[in-house]
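Visitor: Pasting the sequence and the predicted model now:
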Amino acid sequence: MEKLVMYRKSLDEIDEKIINLYEKRMNIVKLICRYKEEHNFPTHDQNRENSMLEKNLSKIKNEEYKKYYKSVLNGFLEASKAMQDDIKNGK
């Protein structure tokens, strides 16, 4: 049981780092949204999403984890698009 507690503590520490990076990411998404609005660019760009997936998958060293990464990236992208839509709609 002691190992499980230790493993979970490690996950908690990693989650804290992910949360900090997520907040930084969303701050940049806000800037991108404003830029897109100022230059009349569409909020969603499927080509960009596809290239992000391809680029990021190539950086994952453990092949076993690659099949799960798409859902991770999709979660980030869905949150980013939802926030952009909210900003665009004045929410």
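Guide: The structure has been received and is ready for your questions.
Visitor: what's the longest helix in the chain?
Guide: helix 2-38 (DSSP state H).
Visitor: buried residues in it?
Guide: By neighbour count with 16 or more other CB atoms under 10 Å, helix 2-38 contains the buried residues 29, 33, 36. Where C-beta positions appear, they are placed from N, C-alpha and C, glycine not excepted.
Visitor: Quick one: list the elements packing against it.
Guide: Helices and strands touching helix 2-38, by 3 or more CB pairs under 8 Å, 6 or more residues apart in numbering; DSSP states H and E, are helix 63-88.
Visitor: Check which helices and strands the helix it packs on is in contact with.
Guide: Under the contact criterion of 3+ CB pairs under 8 Å, 6+ apart, helix 63-88 touches helix 2-38, helix 46-59.
Visitor: Nearest to residue 66, out of those?
Guide: helix 46-59 (5.5 Å; CB to CB).
Visitor: from the buried residues of helix 2-38, which is closest to residue 89?
Guide: residue 33 (11.2 Å).
Visitor: so what's the closest one up against?
Guide: 43, 83-84, 87-88 (CB atoms under 8 Å, 6 or more residues apart in numbering).
Visitor: Lowest-confidence entry in those residues?
Guide: Lowest pLDDT within the contacts of residue 33 is found at residue 43 (85).
Visitor: Show me what counts as buried in stretch 69-83.
Guide: Across stretch 69-83, burial judged by 16+ other CB under 10 Å covers 77, 80-81.
Visitor: Tabulate those (a markdown table), appending distance to residue 52 and pLDDT.
Guide: Below are those laid out as a markdown table (distance: CB to CB, whole Å; pLDDT from 0 to 100):
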| residue | distance to residue 52 | pLDDT |
| --- | --- | --- |
| 77 | 8 | 94 |
| 80 | 11 | 95 |
| 81 | 13 | 93 |
